[in-house]
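Novice: Take a look and give me a structure for this.
(4 chains)
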Number of protein chains: 2
Amino acid sequence: MRATGSPHAPPDAEWAGVRDRLRARGLRWTPQRRTLIEVLSRSDGHVTGAELVARCRALDPGTIPSTVYRTLDVLEELGLLSHSHAADGREEFHVLPSAVHGHLHCISCGTTWEIEADEAAALIASLERRRDFAVDVSHLSIAGRCADCSAALDA
Amino acid sequence: MRATGSPHAPPDAEWAGVRDRLRARGLRWTPQRRTLIEVLSRSDGHVTGAELVARCRALDPGTIPSTVYRTLDVLEELGLLSHSHAADGREEFHVLPSAVHGHLHCISCGTTWEIEADEAAALIASLERRRDFAVDVSHLSIAGRCADCSAALDA
DNA sequence: GCCGGTATCGCAACAGGTTGCATTTGTCTG
DNA sequence: CAGACAAATGCAACCTGTTGCGATACCGGC
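Specialist: Model (predicted):
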């Protein structure tokens, strides 16, 4: 069972093209990158950096963290990934973002939800207009308490 | 030169009362906490955790980081501080928040600005209504590019 | 002014990430 | 297919915080 990703570009095609996309930019296709791509293509939704390192190590015990993090940076530049920070500041990666979106984090239960760009459109427009500030929506991370946790707290 | 803080409660009065506020809760007034309060009373605006540790060490070279961070947690519970995360995930503390507010971080130059709660009111109300999610505005941190950096990038 | 309970401290180990640098290795060219 | 250049890797050290635990020292009560 795998996420289907964006309707326009099937994920497998995306991943299959990575090699050539890298080369086209003068970047290289290495075993370490292959391993990470393999992990990512099986991942869905939100994953922390540490989690990705762990999964790479499962495929290749020789995996070095700094290599993984550097490769993640590269893939983010290619647009295959976006990252934000969870409520505690840890990195959270989002694979194959089919649409630009931000995240909602519950500080009680730790669950994450996506928020679509249009949901934050008013805020973004206001900041753009009043401060000439270009918001990076994909990095937007909002902390708070979800409905369930609020209810539990009242009880 | 020192920030004047909230109009209702002059900062010095706030800091002077900390000792009693701690004791009233069964907490203690220790030399280490005194040092940190001293540092905070001279700080204005946004400070990173590491910066606070460094300033404490300047007053007392024997300062231990974990003690500082634990004390910061305590002071945050008392409402004397709030913290959020900069665009890179590092902790950023805001001293004596006179009003609940979020932050704007430029990913290019690293500058931070405050945004008032009413500026994000539409977003907050919308999340509250549509998702029953209670946003923690003081923890809200928005990354993007400021006017100056956008202009510089075009050139 | 001493005493005892417990909040706090200091320390050491850990966790997640980043950085600088010497070495290795993809990849392009001929 | 060999050679050379630059991109990536591996490694080690570092940075910012966090956590567990035994030792210390606040502080309220007698």
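
Novice: Is A:Arg34 located within a helix, as I assumed?
Specialist: Yes. Under DSSP: H, G, I helix; E, B strand; the rest coil, A:Arg34 sits within a helix.

Novice: Against A:Asp60, how distant is it?
Specialist: If you measure A:Arg34 against A:Asp60 using Cβ to Cβ, to the nearest Å, the figure is 9 Å. Backbone N, C-alpha and C define where each C-beta goes, glycine included.

Novice: A:Arg28 reaches A:Arg19, doesn't it?
Specialist: No. Using Cβ atoms under 8 Å, A:Arg28 is not in contact with A:Arg19; the gap is 9.5 Å.

Novice: neighbour-wise, which of the two wins?
Specialist: Between A:Arg28 and A:Arg19, counting by other Cβ atoms under 10 Å in any protein chain shown, A:Arg19 is the more crowded of the two (15 against 10).

Novice: mind listing what the nearest residue to that one once chain neighbours are set aside touches?
Specialist: Using Cβ to Cβ, 6 or more residues apart in numbering or on different chains and skipping residues adjacent in sequence, the residue nearest A:Arg19 is A:Trp29, 4.7 Å away. When contacts are counted by Cβ atoms under 8 Å, 6 or more residues apart in numbering or on different chains, A:Trp29 touches A:19, A:22-23.

Novice: Need those residues in a markdown table (columns: secondary structure, distance to A:Leu104 and pLDDT).
Specialist: Shown next, in a markdown table, are the contacts of A:Trp29 (DSSP: H, G, I helix; E, B strand; the rest coil; distance: Cβ to Cβ, whole Å; pLDDT from 0 to 100):
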| residue | secondary structure | distance to A:Leu104 | pLDDT |
| --- | --- | --- | --- |
| A:Arg19 | helix | 35 | 95 |
| A:Leu22 | helix | 33 | 96 |
| A:Arg23 | helix | 38 | 96 |
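
Novice: Can you point out the buried residues in stretch A:101-113?
Specialist: Along stretch A:101-113, these residues count as buried under the neighbour rule (16 or more other Cβ atoms under 10 Å in any protein chain shown): A:101-107, A:112-113.

Novice: Oh, that last question was meant for stretch A:73-85, not what I typed.
Specialist: A:74-75, A:80-85.

Novice: Name the nearest of those residues relative to DNA strand D.
Specialist: Nearest to DNA strand D among those: A:Val74, at 6.4 Å, using Cβ to the nearest atom of the strand.

Novice: In a helix, the closest one, correct?
Specialist: Yes. Counting by three-state DSSP, A:Val74 falls inside a helix.

Novice: Please report how far the nearest residue to it once chain neighbours are set aside lies from DNA strand C.
Specialist: Among residues not flanking A:Val74 along the chain, A:Leu27 sits closest, at 6.6 Å (Cβ to Cβ, 6+ apart). Counting by Cβ to the nearest atom of the strand, to the nearest Å, the gap from A:Leu27 to DNA strand C is 7 Å.

Novice: now do A:Ser138
Specialist: To DNA strand C, A:Ser138 is 16 Å away according to Cβ to the nearest atom of the strand.

Novice: Kindly state the beta-bridge partners for the closest residue to that residue other than its chain neighbours.
Specialist: Closest residue in space to A:Ser138, ignoring its immediate chain neighbours: A:Ser82 at 4.0 Å, by Cβ to Cβ, 6+ apart. Beta-bridge partners for A:Ser82, by DSSP bridges, are A:His94.

Novice: same check, this time on A:Glu116
Specialist: Under the criterion used here (DSSP bridges), A:Glu116 is bridged to A:His101.
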